[in-house]
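1. Turn this into a model:
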Amino acid sequence: MRNHRTIFLFPSIFLIGIAAAIPLPAETIKPEDFFKQQIVLAESNYRYDIAQAALEHWLAIDKSNPEALFFQARLNILQGDNDSAKKNIIHFETQYTNHPELNKLKTLFETFGSKKLQLQQAHFLIGNRRYDEAIAIYESLFPYGMPTTAIEIDYLTLIAKRSVVDFDHAVQLLKERNIQYPNNPEFKLALASVISQKTPDDKASLSVYEQLSHDDVYKSKAATAWKSALSNIPVEKLTTQEIDDLARAYPKDLSVKTKVVELKNALANYQQMISDPAYQAMLKGFEFLKANKIDLAEQKFTYVKNVHPDNPQVYNGLGRVRMNQSKYAEAIAFFQQGKKIDSNRNNDDEWDSLISTSQYWMLINRAGKVAETNQAVAMAMYKKVIHLNPKEV
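-> Coordinates of the predicted model:
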């Protein structure tokens, strides 16, 4: 059993700049846990000098600690010191041949070397909203688990977009990381950002953005996440107070000022719109759809289209009407038109899902008709739709 000796804090630990050293009494924390928290915090902010100082003190206490050896090699890789990284990975493997973190180190070393372009490709795919392809690259590069805080957060943020199950898994793991590293803003911001994907008006997440707006290192990231969250709040739920909170936190940030103007204009337009008979008609159209009163829904949406042909949601309604009428080609055309004029790229996934669902049922319907005379051709058509994953409309 290791001796949980008293820890004497050294000056460099207090100079992290983005947060004070973890304020835990020396007698209540193990040395390895203390230094691990400090190293991860420093790495998150690219303060490798502070991470190195913490690591040296850790190794002075316990030079054979496997986690310390893991962080030593990882820090070498992050700093681009390949020779030291190779040496320390070999040293780690010699002492702990079957340690679960060993393969993580090896994959990280490859990714910062011969496989660097693959990680860059994943970032490119993320920027183009090709999330499934990016996830596949991450899982191919890191089959033994994500080897760094930054890579893990990128991966969890990605899979949270993939399914409800993955979203819940990402949230749970990030909650665990926040318990494990209670003073690391990186994990606080990551958790808030992931939750905001599903619930952009989540009060706890908005509070985290406000807190981090006072942090010199994280305020820029927090501003980006905060702006994104407010942009994704349905305008009927958005409040002036939420917009003003963002403006107060960043009084000199031009991008924030632009976003504030945009949000206030959207809110003002909405407040004007709710008194518009055409808007009321569109709401009624969706109510009729829900009640399966398709003909009445069509009348309402057609009226709105004539008044406001530039409103993307009217094409959403008309497309759903055509779906219910089994006029799938027309439904696809309406959904494609709605996506084309919708300026909110966050709605792309919904439009794509509607288009994919329409295509699925169109092909199924055609195959059913063909099957009456030519089963071989029908079977080929059925196989063609296997890759489509329809969702109920």
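2. alpha carbons only for contacts and neighbour counts from here, please
-> Noted.
3. On the three-state scheme, the residue positioned nearest the centre of the chain is what?
-> With the centre of the chain defined as its mean C-alpha position, the nearest residue by Cα atoms, centre = their mean is Thr157, 3.1 Å away. With DSSP: H, G, I helix; E, B strand; the rest coil as the basis, Thr157 sits in helix.
4. The nearest residue to it once chain neighbours are set aside: neighbour count?
-> Setting aside the residues directly before and after it, Thr157 is nearest to Val194 in space (Cα to Cα, 6 or more residues apart in numbering), at 5.9 Å. Residues lying near Val194 (other Cα atoms under 10 Å) number 25.
5. Quickly find the element holding Val194.
-> In this structure, Val194 sits in helix 185-198 according to DSSP states H and E.
6. can you pull the buried residues of that helix?
-> Neighbour counts over helix 185-198 (16 or more other Cα atoms under 10 Å) mark 185-198 as buried.
7. Packing partners of it?
-> Counting contacts by 3 or more Cα pairs under 8 Å, 6 or more residues apart in numbering; DSSP states H and E, helix 185-198 packs against helix 149-159, helix 164-180, helix 203-212, helix 219-232.
8. Which one of the ones you listed lies nearest to Pro100?
-> Closest of the helices and strands packed on helix 185-198 to Pro100 is helix 149-159, at 16.2 Å (criterion: Cα to Cα).
9. got the angle for the closest one vs helix 185-198?
-> 10 degrees (axes from the mean of the first three to the mean of the last three Cα atoms, to 10 degrees).
10. same for helix 149-159, what does it pack against?
-> helix 31-44, helix 131-141, helix 164-180, helix 185-198.
11. Show me the contact partners of that helix.
-> 40, 44, 131, 135, 138, 146, 166-167, 170, 187, 190, 193-194 (Cα atoms under 8 Å, 6 or more residues apart in numbering).
12. rerun that using 7 Å as the cut-off
-> The contact list for helix 149-159, computed with Cα atoms under 7 Å, 6 or more residues apart in numbering, reads Ser44, Tyr131, Ile135, Met146, Asp166, Phe167, Ala170, Ala190, Val194.
13. residues near the second one, how many?
-> In this case it means Tyr131. By the measure other Cα under 10 Å, the count of residues near Tyr131 is 18.
14. For it, list the residues it contacts.
-> Leu125, Leu158.
15. Over to the third one?
-> By Cα under 7 Å, 6+ apart, the contact list for Ile135 reads Tyr155, Leu158, Ile159.
16. Dump the residues you listed to TSV, plus pLDDT and neighbour count.
-> Below are these laid out as TSV (pLDDT from 0 to 100; neighbours: other Cα atoms under 10 Å):
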residue	pLDDT	neighbour count
Tyr155	96	17
Leu158	96	21
Ile159	96	21
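17. May I see the buried residues of stretch 230-238?
-> Leu230, Ser231, Asn232, Ile233, Val235, Leu238.
18. Start and end of it, how far apart?
-> End-to-end distance for stretch 230-238: 7 Å, by Cα to Cα, to the nearest Å.
19. next one: it to chain centre, how far?
-> 18 Å (Cα atoms, centre = their mean, to the nearest Å).
20. Fine by me, we can end here.
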